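[1] Pasting the sequence and the predicted model now:
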Amino acid sequence: MSSQPAPAPLLIACALGIEQFALRRRERGVWRRGAPVARAHGGPPARAKPGVGEREGPDEGGAEHGRALVTGFQRPGAARDTWSTTGGPVTVLRTGMGPAAAERSVTRMLTGPDLNRAAVLATGFCAGLAPGMHPGDLVVAEETRDPRGSVPCVGTGLLVKELGRAVPGRTVHTGPLTGSDHVVRGHERSGLLATGAIAVDMESAATLLSAVRVGERPVAAVRVVVDAPEHELVRIGTVRGGISAFRVLRSVLPAFQEWHRSLPLPRR
């Protein structure tokens, strides 16, 4: 009998329902509020009736997904989806928008018995800060930062390599990812770029800071640019940019799982 510890779980944290929808495993059943839809042993994915305000639909990128991105596709409260892989259990958690929601949801999950050893990866959409960034570009954080401090990320080089395989042809940027408590527009981008940050979002810094405060663990952040200095979210072309970013986000899960699989086994 092996005395080696079991692989640690992976917690993937995102803010929006459309982000969690993009990260849903393609072969699984319909995602349902508050819990995963389990696959019956040896059979097809179990199907769940949609809840109030939910509906079933094709799992394909398109204008519907772009509209959902623009309108938020947001349901209140946190929800999660969990499955097993050879690298260990994977949970995708929807935290809700903003740093306070991310901090509450991530802390609650990591202080429970199932995920207290979990590696944590923050993901979803972001605003690019540097000229020349485009919707659908990827950002792999070397660190996340906000006024409370910075958190270094683990395995950045491996993530860049695996994302190149998962989404060939997409530009991958690396550098600091900064946090904000509001949507950043116009002149604010220039101010944040001057600090050395290459992108900004509302949850990654709070997610990673909360994770390492609960306990030592590997952390990382990968974001998909949905708007950039020349492609702001409020301008014409937003829907097209949203579709591009959505399609990229729905392709990155294999890279996240490779990152997770590469981590050293935790000590007992």
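    Now that the structure is in, tell me what you want to look at. Residues are numbered from 1 along each chain as shown.
[2] Once you drop chain neighbours, what's closest to residue 256?
    Sequence neighbours aside, residue 121 is the residue nearest to residue 256 in space, at 5.7 Å (criterion: Cβ to Cβ, 6 or more residues apart in numbering). C-beta: built from backbone N, CA, C; applies to glycine.
[3] Roughly how far does that neighbour sit from residue 229?
    Residue 121 sits 26 Å away from residue 229, taking Cβ to Cβ, to the nearest Å as the criterion.
[4] hmm, back to that, right, and the residue nearest to residue 256 touches residue 12 too?
    Yes. Using Cβ atoms under 8 Å, residue 121 is in contact with residue 12, at 5.1 Å.
[5] Return every residue with contacts to both of the two.
    Overlap of the contact sets of residue 121 and residue 12 (by Cβ atoms under 8 Å, 6 or more residues apart in numbering) consists of residue 256.
[6] Compare these two and say which is more crowded by neighbours.
    When residue 121 and residue 12 are compared for neighbours, residue 121 comes out ahead with 30 against 27, by other Cβ atoms under 10 Å.
[7] what comes up buried for the helix or strand encompassing the more buried one?
    Using DSSP states H and E, residue 121 maps to strand 119-128. Within strand 119-128, the residues that count as buried by 16 or more other Cβ atoms under 10 Å are 119, 120, 121, 122, 123, 124, 125, 126, 127, 128.
[8] Same question for stretch 93-109.
    Buried positions in stretch 93-109, judged by neighbour count with 16+ other Cβ under 10 Å: 93-99, 101-107, 109.
[9] Next step: those restricted to helices.
    Residues from the buried residues of stretch 93-109 lying in helices, with DSSP state H as the criterion: 99, 101, 102, 103, 104, 105, 106, 107, 109.
[10] okay, these in CSV with pLDDT next?
    Shown next, in CSV, are those (pLDDT from 0 to 100):
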residue, pLDDT
99, 97
101, 96
102, 97
103, 97
104, 96
105, 96
106, 97
107, 97
109, 95
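[11] any idea which of those residues is closest to residue 193?
    Nearest to residue 193 among these is residue 99, at 20.2 Å by Cβ to Cβ.
[12] Help me confirm that that closest one comes into contact with residue 181.
    Yes. At 5.6 Å, residue 99 counts as touching residue 181 under the criterion of Cβ under 8 Å.
[13] got any residues that touch both of these two?
    Here residue 99 and residue 181 have residue 202 as joint contacts, going by Cβ under 8 Å, 6+ apart.
[14] Can you get me a residue count around residue 116?
    By other Cβ under 10 Å, 14 other residues sit near residue 116.
[15] Show the average pLDDT along the helix or strand harbouring residue 81.
    In the assignment (DSSP H and E), residue 81 maps to strand 79-85. Averaging pLDDT along strand 79-85 gives 83.
[16] where's residue 114 relative to residue 229, distance?
    Distance, residue 114 to residue 229, using Cβ to Cβ: 41 Å.
[17] And for residue 164?
    For residue 164, the distance to residue 229 - Cβ to Cβ - is 24 Å.
[18] Residue 187 too?
    With Cβ to Cβ as the criterion, residue 187 and residue 229 are 11 Å apart.
[19] what angle do the helix or strand where residue 259 lies and strand 119-128 make?
    Using DSSP H and E, the element containing residue 259 is helix 253-262. Using axes from the mean of the first three to the mean of the last three Cα atoms, to 10 degrees, one finds that helix 253-262 and strand 119-128 are set 140 degrees apart in direction.
[20] what's in contact with helix 253-262?
    Against helix 253-262 from outside (Cβ under 8 Å, 6+ apart): 7, 10, 12, 23, 25, 85-88, 90, 119, 121, 123, 155, 158-159, 162-163, 165-167, 220, 222.
[21] Kindly report the same for stretch 129-136.
    Residues outside stretch 129-136 that contact it (Cβ under 8 Å, 6+ apart): 128, 170-171, 173, 189, 192-193, 197-200, 224-231, 240-242, 244-245, 247-248.
[22] try 6 Å this time
    Here stretch 129-136 makes contact (Cβ atoms under 6 Å, 6 or more residues apart in numbering) with 189, 192-193, 197-199, 225-226, 228-229, 231, 241, 244-245, 248.
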